Every structure is written in C-alpha cells, then in structure tokens.
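S.K.: Here is my input; please provide its structure:
(one chain, ligands or ions: 1)
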Amino acid sequence: MNLYVKSISKSIKGEKVLDDISYTFESGKIYGIYGKNGSGKTMLLRAIAGFINTDKGYIKYNHKALHKDMDVLPDLGAVIENISFWSMYSGFENLKMLSNIKGIVSDEEIYEIMIYFGLDPKSKKKVNKYSLGMRQKLALCQALMEHPKILLLDEPTNALDQHSIDLFRERILEEKKNDTITILTSHNKEDIEILADEKICMEFGKIKELM
Ligand SMILES: Nc1ncnc2c1ncn2[C@@H]1O[C@H](COP(=O)(O)OP(=O)(O)OP(=O)(O)O)[C@@H](O)[C@H]1O
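M.R.: Reported below is the predicted structural model:
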C-alpha cells in the first residue's frame, strides 16, 4: 500500500518550513532524506506522523486522509526527536507498557529485539540511568517491535556505535521484506547509500531533486 503526500505546505511564525511537497512512498521501499540543517527533514516526518497539521495539501494512506479520516496513520512506528520514556522504569517495562496499547507483541518478542540491540531485558536499570546510545536503541526497539507498515526514523543512527549501526541496518533491510515503507533522515551518508532505494534531497522546505 502506498503513502501519498500531496502538495503539503506548512508555515511556522511566517517561515515556510514545508513548501508544496508531493511524493509517493511505495511499500517495500526505503527512502533516505538528506539535506542541510533546517531544510525541513524532521518537519516532513512530523507531518507524516500526524504530529503537526499542515496548512495545505493532504497525506493519504489506504484511501484515508490524515486528520480527516484518521488521527494517526495505522501501523506506524517512529523515532522522531526525543522519545519520552517513563524514566523511573526499566527498558523492558517501558516497552511492555507501550506494547500494551495494541497488545500485538509478546514478551518474548520484546526480549528478542532488546537482546538484538544489545540491551538486557532483565536489567533493573531505570531509563533515566541509560546512556544516550542506550536510549536510542530503546527508541529503535519501540519503533520496530510491532513490525509497522510505515516506519519514520529521524537520525536513527545518532549516538550509536558502529556495531549497533550495522545491526540497525540489517534489521531495517529485514523489515523491508514485510513491505514496510521506511522513511529515514540521516547525516550519516553511509546510512542513505546502503539503505535507501530512493534518495530525497530537501532544501528550504522543498524536495530538491530525485536521484
Ligand atoms: N518548533 C518550531 N518552531 C518554529 N520553527 C521551527 C520549529 N521546529 C522547526 N522549525 C523550523 O523549521 C525549519 C525546518 O526544521 P527541521 O527541524 O525540519 O530541519 P531539519 O532538516 O530536520 O534539520 P536538522 O538537520 O538540523 O535536523 C527550520 O527553519 C526550523 O527553524
């Protein structure tokens, strides 16, 4: 199922942060967005995630328009900016509470993904004692654990060591086989080179060129 972004624009305090963006994201493909700081990469992901309302245009998935026929996209997994976890609970407890919302992931599956990313699910360590890299891994676990059909990842390899970056890339390529639409931004050129089926360059809130 494709995700359609059609002519979306957004201004914040008089500044056009998204300027007439149209794009069709196809299932089973990975899209890599790159561009300078402030070019609108995060804003585009926030719009698709439904975190912001756009001034113009629409976002459609499965014949339904975001903010009209649905509040959020179904089957969405996202790492956008700082994920707020319950800081006084362990990593496993956090994922468990989040998984309770939909109830489609077993404890074993949470264990599996935590161990995959090198987090100990049995550890009592509270998230407020986590390092930046551990938080990022936990954020990736929460985004990936339900095998979403749409995956939005803003700088997913931030703060990760090389081994974890390799694991992340392997996992994303694995998820792609389930027809997931993955849209990621990265300052790590290698992420885009290795993962992206299509590269999207943003500049001044617009999509600059397609390659
Ligand atoms: N909360 C906000 N209020 C006002 N302006 C904002 C806000 N968030 C972002 N902007 C503006 O929107 C524009 C796009 O920002 P965005 O965060 O999408 O850039 P980006 O391409 O993700 O940059 P980076 O590479 O630094 O993450 C910038 O000009 C920024 O100043």
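S.K.: Tell me how the chain divides into domains.
M.R.: 3-75+148-210, 84-141 (automatic domain parsing).
S.K.: Which one of these lies nearest to the ligand?
M.R.: Among the domains of the chain, the nearest to the ligand by C-beta to the nearest ligand atom is domain 3-75+148-210 (3.3 Å). Glycine gets a C-beta too; all of them are placed from N, C-alpha and C.
S.K.: Tell me the residues on this protein that lie near the ligand, please.
M.R.: 12-13, 15, 17, 35, 37-43 (C-beta under 6 Å from any ligand atom).
S.K.: I'd like to know which helix or strand in this protein has the lowest mean pLDDT.
M.R.: strand 206-210 (a mean of 81; mean pLDDT, DSSP states H and E).
S.K.: Please list all residues in contact with residue 11.
M.R.: Residues counted as contacts of residue 11 (C-beta atoms under 8 Å, 6 or more residues apart in numbering) are 17, 55.
S.K.: quick one: the helix or strand containing it to chain centroid distance?
M.R.: Residue 11 is part of strand 3-12, with elements assigned from DSSP states H and E. For strand 3-12, the separation from the chain centroid amounts to 17 Å (computed by C-alpha atoms, centre = their mean, to the nearest Å).
S.K.: What residues sit buried inside that strand?
M.R.: Using 16 or more other C-beta atoms under 10 Å as the test for burial, strand 3-12 gives 3, 5, 8-10.
S.K.: is it possible to export the residues you listed to CSV including pLDDT?
M.R.: Compiled in CSV, the buried residues of strand 3-12 are given as follows (pLDDT from 0 to 100):
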residue, pLDDT
3, 97
5, 97
8, 97
9, 97
10, 97
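S.K.: which one of the residues you listed sits closest to residue 73?
M.R.: residue 3 (7.6 Å; C-beta to C-beta).
S.K.: Isn't that closest one up against residue 61?
M.R.: Yes. With contact defined as C-beta atoms under 8 Å, residue 3 reaches residue 61; the gap is 5.0 Å.
S.K.: Need the overlap of contacts for the two.
M.R.: Joint contacts of residue 3 and residue 61 (C-beta under 8 Å, 6+ apart) are 73, 150.
S.K.: Can you pull the phi/psi pair for the closest residue to residue 4 other than its chain neighbours?
M.R.: Nearest residue to residue 4 in three dimensions, chain neighbours excluded: residue 60, at 4.4 Å (C-beta to C-beta, 6 or more residues apart in numbering). Here is the backbone geometry of residue 60 (degrees, to the nearest 10): phi -120, psi 140.
S.K.: ranges for the helices of this protein?
M.R.: 41-49, 91-102, 107-116, 132-144, 162-176, 189-195 (DSSP state H).
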